[in-house]
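Participant: coords please:
(2 chains, ligands or ions: 2)
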Amino acid sequence: MHGRGIELILMRQLASCLSMPILLSDGRGELVYVNEPAEQLLGITVGDSDTLSMQELADQLSMRGGNGAPLSHDELPNRAALLSGRVVQRRVQVRASDGRNLWLDATVFPLISPVGESVGIVSLYWEVPDEG
Amino acid sequence: MRVRLWGTRGSLATPGGDTMRYGGNTSCVEVRAEDGTTLVLDAGTGIYRLGQGLSDFDRLDILLTHLHMDHIQGLGFFEPLFEPGVEVHVWGPESSTLDLRGRLSRYLSPPLFPVRLRDFRCSLTLHDVMRLEGFRIGPLEVAIAPVIHPGPTVGYRISEGAAALAYIPDHEPALGLDRLPQNPNWMSGWALAANADLLIHDAQYTAEEYPSHVGWGHSSLDHVLQFATRAQVKTLVPFHHDPSHTDAMLDGIFGEWVARRDLAFHVVPAMEGATFHLDPGGVKGG
Ligand SMILES: [Zn+2]
Ligand SMILES: [Zn+2]
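Facilitator: Ligands and ions are numbered 1, 2, ... in the order given. Prediction:
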């Protein structure tokens, strides 16, 4: 009988009130929540009880580097934030829900609990207007 | 397991003629196992009278949900703390920068209080709980989880055999939402309350009062009903009454609930002095 940690729950509740596209992953990097603006932008959904691994997410989005080159597993922004425990900013290219190529500035940061554990990853995706 | 409410009021002690029945003392609940093992949930002003009536014990455990004043104000007036030879354990949340001792000392030291923690004559042990998922005290199994409320705050689930009490006196699970999440996994406090025989839960605001108090850390009556429904509890005890709610107002607010037949649980609004007996067969008393 384990619910989600309070940090993830609060972050999800905050993300659900914001107009910026936000993805939320758990402490292992599995995607657990996509807010509506992110759903609309990326065409990704995840059910309340579902998860999506980092690689599945990257595959679904056809995520590449800003220059179009493929990203290695460790270069995925979520993975990089999880490994480093720090903020990662990276320009990426993805395929949007309508099939267009989108350039996004990803800002990804870990959620560190009061006792110092990394309990989640927040990914913000800023659309780069002058690319594409 | 026997549960007795010594303080039911939220935020500020509110003694007076118009709070006599629901009670004016702040949060304090006594939990007594069948073998006499005694836990105290929160140390609001209600703990004063509890301490006067206790006898015949050599160990007591006080479980603090958080350190807001209405949950610790009575601590320095709890007589067992002054009795040599008594073992008192205080459990509560540390912050990311201070342990429980450091946080409690802010209050239990001059100028706010004349006596320091180290001057209590009992054998006092403090336990930080944020890294714990639970612990056992005699026959009582205690589960802990952080819940939504300003500052480090936890709720407790106390089980003896198959009987379970959930205690979440300060809680705003609906913060930022119109309705609680459909999936209980995403609902703050759910794992503590799931299938509990007795849920003692924050019910500070009416639906009309809540919108002007969003983020203050408390629930509207609607939210509590949704929470108790999702958690499938057997009996809900609305608790932490707002200081402005008189007995007459609380009668009006809760009268309708108590009479409702469409709820899957009983509603027994918290009144100071009320006792509940939990056994594997369910809840008696009220
Ligand atoms: Zn309170
Ligand atoms: Zn509080």
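
Participant: and B:G24, what does it touch?
Facilitator: By CB atoms under 8 Å, 6 or more residues apart in numbering or on different chains, the contact list for B:G24 reads B:R9, B:A13, B:T14, B:P15, B:G16, B:E272. Any C-beta I mention is one placed from the backbone N, CA and C, and that applies to glycine too.

Participant: shaky segments in chain B?
Facilitator: Along chain B, the model assigns pLDDT under 70 to residues B:280-286.

Participant: for it, which residues are neighbours of ligand 2?
Facilitator: Proximity of chain B to ligand 2, by CB under 5 Å from the ion, involves residues B:H68, B:D170.

Participant: show me what the longest helix seen in chain B is packed against.
Facilitator: In chain B, taking DSSP state H as the definition, the longest helix is helix B:247-259. Judged by 3 or more CB pairs under 8 Å, 6 or more residues apart in numbering or on different chains; DSSP states H and E, helix B:247-259 is in contact with helix B:221-231, strand B:266-267.

Participant: ok so, going back, most neighbours among the contacts of B:G24, which one?
Facilitator: Using other CB atoms under 10 Å in any protein chain shown as the neighbour test, the contacts of B:G24 are led by B:R9, with 29 neighbours.

Participant: which of the contacts of B:G24 sits closest to ligand 2?
Facilitator: Closest approach between those and ligand 2, by CB to the ion: B:R9, at 12.3 Å.

Participant: so what's residue 83 closest to, chain neighbours aside?
Facilitator: Unless you meant another one, I'm taking chain A. Excluding the flanking residues, the one nearest A:L83 by CB to CB, 6 or more residues apart in numbering or on different chains is A:D74, at 6.7 Å.

Participant: hm, I was asking about chain B
Facilitator: Closest residue to B:E83 apart from its sequence neighbours, by CB to CB, 6+ apart: B:C122 at 5.6 Å.

Participant: sorry, back to before: from the contacts of B:G24, which two are the most distant?
Facilitator: For the contacts of B:G24, the farthest-apart pair by CB to CB is B:G16 and B:E272; their separation is 12.8 Å.

Participant: and the helix or strand hosting B:A164, what does it pack onto?
Facilitator: Per DSSP states H and E: B:A164 is located in strand B:163-168. Identification of packing neighbours for strand B:163-168 by 3+ CB pairs under 8 Å, 6+ apart yields strand B:154-160, helix B:190-193, strand B:198-202, strand B:275-279.

Participant: can you list the strands that it pairs with?
Facilitator: Partner strands and pairing direction for strand B:163-168 (DSSP bridges) are strand B:154-160 (antiparallel), strand B:198-202 (parallel).

Participant: just the ones you listed: most buried one?
Facilitator: The highest mean neighbour count among the strands paired with strand B:163-168, using mean count of other CB atoms under 10 Å in any protein chain shown, belongs to strand B:198-202: a mean of 29.

Participant: what angle do that one and strand B:275-279 make?
Facilitator: Between strand B:198-202 and strand B:275-279, the angle comes out at 140 degrees (axes from the mean of the first three to the mean of the last three CA atoms, to 10 degrees).

Participant: extract the C-alpha set from strand B:198-202 and format it as CSV.
Facilitator: Presented in CSV, the C-alpha positions along strand B:198-202 are these (Å, rounded to 0.1, in the frame of the first residue of the first chain):
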residue,chain,number,x,y,z
LEU,B,198,-11.0,5.2,12.0
LEU,B,199,-9.7,8.2,10.1
ILE,B,200,-9.2,11.4,12.2
HIS,B,201,-8.8,14.1,9.5
ASP,B,202,-8.5,17.8,9.1
